[in-house]
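Participant: the following comprises the amino acid sequence and a computationally predicted model.
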Amino acid sequence: MFKEFREFALKGNVVDLAVGVIIGAAFGKITTSLVNDIIMPPIGLILGKVDFSNLYISLSGQHYASLAEAKAAGAATLNYGLFINSLLDFVIVAFAIFLLVREINAARKRLVHESTPTERACPFCLTTVSVEATKCKACTADLPSAPSPAHR
């Protein structure tokens, strides 16, 4: 069983997945810092010196000076300011992933387009003709149909 587990763990896909999770966690921390330390303070300042991480509703009915004080007292709270920060984290990460996937797809299309042949040789006179040609321009022979893109 250990040998089987070792083979599974050392497969390329599992290692790639592990690296992706680690990089994703680090990227998440960077994004959280970006939102909490760079983006939210100016937004809070523009909106009247509001600290989003300290926005909450006390469900116990009592008033507390800060979220930390409410938590220390054991009060149940709805932390909508922290939710707003998390929502911004998600939007930034989702946008970054969108940009990455868009670039990967564009590179993939370029690669497929570059590797798709546009010409082939006439089997009778070996003159180069378009892959879409049905008749050779040099010997006027009828050409066999070009192979479908799936078989190229």
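Facilitator: Received, thanks.
Participant: pass me the low-pLDDT residue ranges in this structure, would you?
Facilitator: 12, 146-152 (pLDDT under 70).
Participant: redo that, cut-off 50
Facilitator: The model of the chain has pLDDT under 50 over residues 150-152.
Participant: which helix or which strand is home to the nearest residue to K137 once chain neighbours are set aside?
Facilitator: Residue nearest to K137 in three dimensions, not counting chain neighbours: V129, with 6.0 Å by C-beta to C-beta, 6 or more residues apart in numbering. Any C-beta I mention is one placed from the backbone N, CA and C, and that applies to glycine too. For V129, the host element (DSSP states H and E) is strand 128-130.
Participant: one step back: ok, what's across the strand from the residue nearest to K137?
Facilitator: Beta-bridge partners for V129, by DSSP bridges, are R120.
Participant: report how many residues lie close to it.
Facilitator: A count of nearby residues for V129, using other C-beta atoms under 10 Å, gives 20.
Participant: any idea how far H113 is from C136?
Facilitator: Separation of H113 from C136 (C-beta to C-beta, to the nearest Å): 26 Å.
Participant: F90 too?
Facilitator: From F90 to C136 the distance is 59 Å (C-beta to C-beta).
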